[in-house]
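J.: sequence-free structure coming up:
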């Protein structure tokens, strides 16, 4: 039998930049990135803006117009930007995706032009999916505006839409052209969104870096009090760890393992069960708490470390239990609804179920099976759990 | 300013296999590929089948059921397969895409499961887009059933849907898991589809390999008479050249150059202008003829070679002119409608317009500008052109 073997490697590179006043006239970061092309400008830039960000920063639309006018030799932009609602709802609505694709078509945005997406993680996911599939991929510059998107989702290589009631059912792996993190956007965040992204930092610290965990713990009160300096440190270190993990491992997830999804199997299901009223970071905090409690019950993690972690999450302001955790399936009384999340998680990644649990702070361990009785017990213990001033682990 | 640099390479590999009787019980090709996984079977396989292929091969659905039943330890398949209409219409209809995505969801097809797409290039493009975006990418096994898909579109790394009246507006770069070329499917092709794929072989020969061109020329009568042996040789060599070009160059098309799209700027536009009644291979033959004539008028290609190429296309059975070529834009009388195809081609690839023309048989040359008056003259000369027995170039 004749055959032909195809084999190649595709190189990807992008930068994650930390700045303030991204759209001030004297901040050259964005325009310099765009000018880095071989071909002469002006280069087309389509800006898609999260409505919530536009409301919180009423000067932003005018600033964008002034910035692009000032740099007219390099940038030809649609003004005003395309506005889309933010939050997870953005990922449920195919009409929004169509609106962004329509703007790409109307404005003649080509593969070497730019889509600049400004918003929280959900808007970046949705706009990213449009940019990745129009003309088989237009350059995407992400401007994440929440803690979660600046330190986690926005610095990675994925985009997505929800479909069939499943989070991220649709999507692609598509590295961005660049990620521009402006800490100014964090000032106007609701407390929920300031806090939410901290859960992803706790997550990556727990499975990979005990010293980062103890740094978060040391700064917990300042973080909860919305101090910017420890937050900037947290975002940088968390983004750095995510970037290193993705680039150093299996960026397009050909395997079945996804260590960075510690705590996420339950989190994704809880988001969907609560109609996305629970936000991703809040759900991840609960998912971490559940898998930490499970790790303790399974004899993998000490009770002392388990309590230390749950206490930290409380101190940061997270709820560790919501009634949805205890909800039974309508079709199968007594069986927890969240258990569906395990199979959905397996199905999304493919192959064998692979779940990250915790051995000790800073050291994760993968397992291929979770015990349903133990999950139910973990839910029950979480419901009853109270922080105690007696426990505490130090570095 | 702080920043983090992300950099990685993603490796891809797949085989293109040539076989007969792919679904005969004693043909192990497909089941062996599926069994190559680490995890134990059975592995889920969702088959999506071109309705035209099912009609032309009434035994096929039963054969598929027998094959998967015979290999039940390795394969768990949905029976009967999901049927979808073939032809370019498949790529215009989002509802069809939704049907395939719905089947992926209903059957719980995960990233390590398989979608087997059986059909012509359009069905492979549409099903490929569904497989590439569900769960961010499910393994796709292509079973191309036309000459064009076996020697060109089906062996590459792209998928697509049409949108906004533009061919391939949506799509991704997503290498398949494997490509299985069964020559048995060619026996029942309409003459148009047998012939159509030969245009892509002429194209790749013209820009890269004069000896392949003269081989096609030597076999022209046998090819036109539907002899299988020269067709199998043509498909293998053409597929081999496409695979080598993609893997050796810029597989995900980060640049603006796409040499394999010789003749395609006009072809894509003609397909759309004729509501896809003109099939891709037929349109490519006209597009080649136009760019060959243009190359002659621009003084790049000798008249003798120009006539030789046009004569070969005629001998293979292609029309070299259709009235749509001469059609004016409604909005701008006197300006040819096909000229819109140039900007659409540039916009799709991005960056600077880059068009492949011909210097001599086997040697293409890229230019960044086409002269509109010369295009109009090329159209006019093509309209009047007649094959002459006096011309002829030999190897």
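T.: Cool, the structure landed. Quantities reported herein were computed from a predicted structural model and do not represent experimental measurements. Numbers count the residues shown, from 1 in each chain, chains lettered A, B, ... in the order given.

J.: Secondary structure of residue A:181: a strand, I assume?
T.: Yes. Counting by DSSP: H, G, I helix; E, B strand; the rest coil, residue A:181 is part of a strand.

J.: OK, contacts around the spatially most central residue of chain A?
T.: Residue closest to the average C-alpha location in chain A (C-alpha atoms, centre = their mean): residue A:153, at 2.7 Å. Counting by C-beta atoms under 8 Å, 6 or more residues apart in numbering or on different chains, residue A:153 makes contact with A:121, A:124-125, A:144, A:280. Backbone N, C-alpha and C define where each C-beta goes, glycine included.

J.: what subset of those residues is also close to chain B?
T.: Filtering those for proximity to chain B by C-beta under 8 Å from any C-beta of the partner chain leaves nothing.

J.: nearest residue to the residue of the stretch 201-350 of chain A found nearest chain B other than its sequence neighbours?
T.: Per C-beta to the nearest C-beta, the residue of the stretch 201-350 of chain A with the smallest distance to chain B is residue A:350, at 2.8 Å. Nearest residue to residue A:350, sequence neighbours excluded (C-beta to C-beta, 6 or more residues apart in numbering or on different chains): residue B:111, at 2.8 Å.

J.: Same question for residue A:65.
T.: Nearest residue to residue A:65, sequence neighbours excluded (C-beta to C-beta, 6+ apart): residue A:79, at 4.8 Å.

J.: which SS class is that neighbour?
T.: Going by three-state DSSP: residue A:79 is coil.

J.: what sits against it?
T.: For residue A:79, the contacting residues are A:64-65, A:68, by C-beta under 8 Å, 6+ apart.

J.: Could you turn the buried ones of those residues into a PyMOL selection?
T.: Buried residues among the contacts of residue A:79 (16 or more other C-beta atoms under 10 Å in any protein chain shown), as a PyMOL selection:
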select buried, chain A and resi 64+65+68
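
J.: avg pLDDT for whichever helix in chain A runs longest?
T.: Looking across chain A with DSSP state H, the single longest helix is helix A:228-248. If you average the pLDDT over helix A:228-248, you get 96.

J.: what comes up buried for that helix?
T.: By 16+ other C-beta under 10 Å, the buried positions in helix A:228-248 come out as A:230-243, A:245-247.

J.: which residue does the stretch 51-200 of chain A bring closest to chain B?
T.: Proximity of the stretch 51-200 of chain A to chain B (C-beta to the nearest C-beta) peaks at residue A:111, 2.8 Å away.

J.: and chain B, which of the buried residues of helix A:228-248 contact it?
T.: A:236, A:239-240, A:243, A:246-247.

J.: picking up where we left off before, state the distance from the residue of the stretch 51-200 of chain A closest to chain B to residue A:135.
T.: Here residue A:111 is placed at a distance of 5 Å from residue A:135 (C-beta to C-beta, to the nearest Å).

J.: Which neighbours do the two have in common?
T.: Taking C-beta under 8 Å, 6+ apart as the criterion, residue A:111 and residue A:135 both touch B:348-350.

J.: Kindly reformat these as JSON lines containing neighbour count.
T.: Below are those laid out as JSON lines (neighbours: other C-beta atoms under 10 Å in any protein chain shown):
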{"residue": "B:348", "neighbour count": "22"}
{"residue": "B:349", "neighbour count": "22"}
{"residue": "B:350", "neighbour count": "23"}
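
J.: So which of the residues you listed are in strands?
T.: The members of those all map outside strands under DSSP state E.
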